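Visitor: here's a sequence, model it:
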Amino acid sequence: MSSIVPRRLLLALIALTALWLRTYDLAARPMHADEANQAVKFGELLESGHYAFDPRDHHGPTLYYAALPIAWIRGERTLAALTETTVRLVPALAGTLSVLLLYLLALPLEVGKAALSRDDAAWKATATSENECLAFAAAAFLAVSPPAVYYSRYFIQETLLVTFTLGAFVCIRQWRRRATAGWAVSAGVCIGLMFATKATAPLFLVAAAIALLPIRPRTISRAASARYRPLETAASRQIFRDATFAFITAVAVAALFYSSFGMHPAGLRDAFRVYSYAAERATAGGSGHEKPWWYYLQLFAWNKSGGLVWHQLPFFALALCGAGLVLVSRIQMHLVRWAFVYTAVVAIVLSVTPYKTPWHAIHFVPGFALLAAGALSALPRRSVAIALAAVIVVTQFSQTRLAAFTRPADPRNPYAYVHSSPDVLKFRALAQAALSRSPDGVVRVISEEYWPLPWYFRGLPRIGYWSTPPADCDGALVIVSADQADTVRARFKNKYRESYLGLRPNFACVVFTPVASDSSFRVH
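Guide: Residues are numbered from 1 along each chain as shown. This is a model prediction of the structure:
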């Protein structure tokens, strides 16, 4: 590791692995209902150039605006032309960037040559080697993490939030070392993007601030202190100015997105209303998303379902070892101590909140990765640490392959949460055939729940949706939830052939296809 070339090659290998895992065959998995809903909303922005933030049913706008340049580059200008690959490239690229940001966060940062005495320079050389190994290990763990990879292939906001959060931490750490306005503004940009992504953004900033409290500055010599003093004095004079710059920048960035870049001023008001809706959703019962407090920890431990085993035991165990070493003061690196407190705060808050979904687990991964890397750095022999890291990477890669590629939509997959059935891929062909047979016909979707069908029917004419059966239920094709099938049958005037397709686990649809041989058939 003495040469810069092997270090860069190793970082490139980690980044390329992360990119490949997040971008390979992106269109293979059926669209989740949440993905489809957001993709259709993005399609409206793509076609009309207009976006209006909805604080009750949608998260922040960064996901949609980030997808615009990718769609333009790929030549997709309408909702009908959009593909799964295009929209999923947004979180995939953000997830790859998060790996590089975690690497940067784990590196020691320069404070300027004037601030270093000879003794400090010797200490810095040792710290650089240790922290660089920690950085490589942490980045590798994040690169192959099953939840991080799986949800980097999902068109949802969570991966972007992780990336913007890590970006904010990197910028803030650089600013603390260099005390320059540029890094303060950069931190403000990342924080503004966090707030424009999801209402949970304040949790991670508060957790990061709490994690700084138990960290004490490194004790240095009197001579070194004299060299540091001018820098610290200058930083103290600039702190209010830089904090003001960061705050103004964050507010401006968030305001630009929520107001649709000035085209929807009401979005600024809704940007504040979103927190009341988010708090209500997170704490209120009856949503169907209530889970026990250990839900997230179980995702990192052991989960067996229908003969399939899902686990991250080696990685989780090493992260717990890192946490244990922090508690007994065997790890001196401030970053690992900070990661322990930060991850603990995030884990406690998310675990005590009744409302839980598995994609929130990706917020645990960067902290766990730093703790696991810290535990490796505490091992007395470098060869043992490398061998253990290799075992963990291989184990994580194996679980990622199972979750993201082999069984990405399997209901036994703990990350495939209320996921769309592979049957949804069959609906479009049925609708196209029905509309072809009946040029004036209508495809009726009669169901209390029908997503992701609007995504799969994008670009098709004469598609109608009803949450309850209308008086006239006949059509060129009628798709009905199983619970409402009897009511629809009673209202038919024509004859139909019945078949069944799954929308998602425990939710089947009855597909009514007109009997072509019936001479009395007519389409309403």
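Visitor: tell me the SS of the nearest residue to F300 once chain neighbours are set aside?
Guide: Spatial nearest neighbour of F300, chain neighbours left out: F316 (4.2 Å); criterion: CB to CB, 6 or more residues apart in numbering. For glycine as for every other residue, the C-beta is placed from the backbone atoms N, C-alpha and C. Secondary structure, DSSP: H, G, I helix; E, B strand; the rest coil: F316 is helix.
Visitor: if I pick F316, what's in contact with it?
Guide: Shown in contact with F316 (CB atoms under 8 Å, 6 or more residues apart in numbering): 300-301, 368.
Visitor: same check on H50?
Guide: H50 neighbours (CB under 8 Å, 6+ apart): 44, 260, 263-264.
Visitor: those in helices, which ones?
Guide: Judged by DSSP state H, these include E44 as members of helices.
Visitor: list the contacts of the one helix or strand V488 maps to.
Guide: For V488, the host element (DSSP states H and E) is helix 485-491. Applying CB under 8 Å, 6+ apart, the external contacts of helix 485-491 come out as 446, 469, 471-473, 478, 480, 510, 512.
Visitor: are any of the residues you listed buried, and which?
Guide: 446, 469, 473, 478, 480, 510, 512 (16 or more other CB atoms under 10 Å).
Visitor: turn those residues into TSV, columns for pLDDT.
Guide: Converted to TSV, the buried ones among the contacts of helix 485-491 look like this (pLDDT from 0 to 100):
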residue	pLDDT
I446	96
P469	95
C473	94
V478	96
V480	97
V510	96
F512	96
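Visitor: between those, which is nearest I386?
Guide: V510 (57.1 Å; CB to CB).
Visitor: so that closest one touches E498, yeah?
Guide: Yes. Using CB atoms under 8 Å, V510 is in contact with E498, at 5.9 Å.
Visitor: so what's the residue nearest to F300 scoring on pLDDT?
Guide: Looking at F316, its pLDDT is 96.
Visitor: cool, and S520?
Guide: 39.
Visitor: same thing with V206?
Guide: On the pLDDT scale, V206 gets 96.
Visitor: can you list the buried residues in the host helix or strand of it?
Guide: For V206, the element it lies in under DSSP H and E is helix 201-212. Residues 201, 203-205, 207-208, 211 are the ones in helix 201-212 that count as buried (16+ other CB under 10 Å).
Visitor: and the residues you listed as a markdown table, adding distance to M31?
Guide: Shown next, in a markdown table, are these (distance: CB to CB, whole Å):
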| residue | distance to M31 |
| --- | --- |
| A201 | 26 |
| L203 | 28 |
| F204 | 28 |
| L205 | 32 |
| A207 | 32 |
| A208 | 34 |
| A211 | 37 |
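Visitor: could I have the helix holding V488 exported to CSV, CA atoms only?
Guide: Taking Å, rounded to 0.1, in the frame of the first residue of the first chain, the C-alpha atoms of helix 485-491 are listed here in CSV:
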residue,chain,number,x,y,z
ALA,A,485,-65.3,-10.1,-8.5
ASP,A,486,-68.8,-11.4,-7.5
THR,A,487,-70.3,-7.9,-7.7
VAL,A,488,-68.8,-7.3,-11.1
ARG,A,489,-70.0,-10.7,-12.4
ALA,A,490,-73.6,-9.8,-11.4
ARG,A,491,-73.4,-6.6,-13.5
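Visitor: report the central residue of this protein.
Guide: T159 (2.2 Å; CA atoms, centre = their mean).
Visitor: test my guess that it contacts L93.
Guide: No. Look at T159 against L93 with CB under 8 Å: they stay out of range, at 9.5 Å.
Visitor: next, A434: phi, psi?
Guide: phi -70, psi -40 (degrees, to the nearest 10).
Visitor: count the residues that sit near the closest residue to it other than its chain neighbours.
Guide: Take A434 and drop its neighbours on the chain: the residue closest to it by CB to CB, 6+ apart is L477, 3.6 Å away. L477 has 25 neighbours, counted by other CB atoms under 10 Å.
Visitor: need the contact list for L477.
Guide: Counted by CB under 8 Å, 6+ apart, L477 has contacts 430-431, 434-435, 441, 443-444, 511-514.
Visitor: go again with 7 Å.
Guide: Contact analysis of L477 by CB atoms under 7 Å, 6 or more residues apart in numbering lists 430-431, 434, 443, 513.
Visitor: by neighbour count, which of those wins?
Guide: In terms of neighbours by other CB under 10 Å, those top out with V443 at 24 neighbours.
Visitor: what's across from the residue nearest to A434 in the sheet?
Guide: As for beta bridges, L477 partners with V443 under DSSP bridges.
Visitor: state the distance from it to F512.
Guide: 7 Å (CB to CB, to the nearest Å).
Visitor: now A369
Guide: Distance of A369 to F512, given as CB to CB: 51 Å.
Visitor: please apply the same query to T163.
Guide: On the measure of CB to CB, T163 and F512 end up 45 Å apart.
Visitor: now do D423
Guide: 16 Å.
Visitor: burial count for the residue nearest to F427 when sequence neighbours are not counted?
Guide: Nearest residue to F427 in three dimensions, chain neighbours excluded: Y456, at 5.5 Å (CB to CB, 6+ apart). Applying other CB under 10 Å, we find 20 residues neighbouring Y456.
Visitor: kindly report the same for V442.
Guide: 19.
Visitor: tell me the pLDDT of it.
Guide: Here the pLDDT value assigned to V442 is 95.
Visitor: any idea how far it lies from A323?
Guide: Distance, V442 to A323, by CB to CB: 59 Å.
Visitor: now swap in G306 and tell me
Guide: As judged by CB to CB, G306 and A323 stand 32 Å apart.
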